[in-house]
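1. okay, predicted coordinates and the sequence, questions at the end:
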Amino acid sequence: VDGIRDAANHIEGMAATCPGTKMVLGGYSQGAAVAGFVTANAVPGGVDPADVPKPMPASVADHVAAVALLGTPDTRFMDMIGQPPVTVGPLYAGKTIQLCAPGDPICSDGDDGSAHTSYTRIGLTDEAAAFVASKV
């Protein structure tokens, strides 16, 4: 929760102090979960709104050019650790790429633990970078 709060504060601060700047948000694994939660348009169900940061104002989305998420923990994994699913909000969905390495047990039903560290080797970081470049 502290990471989500910190990221949202930083993003909102950048949007306010550098209004002509477009930002790129991204993350890998736990960082992808933080970036996903920070783009949500609502507090996840089953979570006490008093315990988590409120969603960022809709106007902040205009300052975000792209969102790249690698190895985002899927609903099954989040359930296993007792956390709500990561859901990118509608204001960010069209400018978001979510990539999951084949067999990665964090973001898929896979069972290959080494897949979770394969993103650079198999070219998914390059794919994410190309997506981001197409949006800026």
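-> The structure has been received and is ready for your questions. Residues are numbered from 1 along each chain as shown.

2. from now on I want contacts and neighbour counts done on CA atoms only, so please keep to that.
-> Fine.

3. could you pick out the longest helix of the chain?
-> Of all the segments of type helix in the chain, defined by DSSP state H, the longest one is helix 2-17.

4. okay, strands next: where are they in the chain?
-> 23-28, 64-70, 96-99 (DSSP state E).

5. TSV for the ones you listed, including distance to Val132 and mean pLDDT?
-> Shown next, in TSV, are those (distance: least, Cα to Cα, whole Å; pLDDT from 0 to 100):
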stretch	distance to Val132	mean pLDDT
strand 23-28	7	97
strand 64-70	6	98
strand 96-99	8	98
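
6. what's the most buried one of these?
-> For those, the largest average neighbour count (mean count of other Cα atoms under 10 Å) is found in strand 64-70, namely a mean of 23.

7. quick check: can you name the pairing partners of that one and their directions?
-> The pairing partners recorded for strand 64-70 under DSSP bridges are strand 23-28 (parallel), strand 96-99 (parallel).
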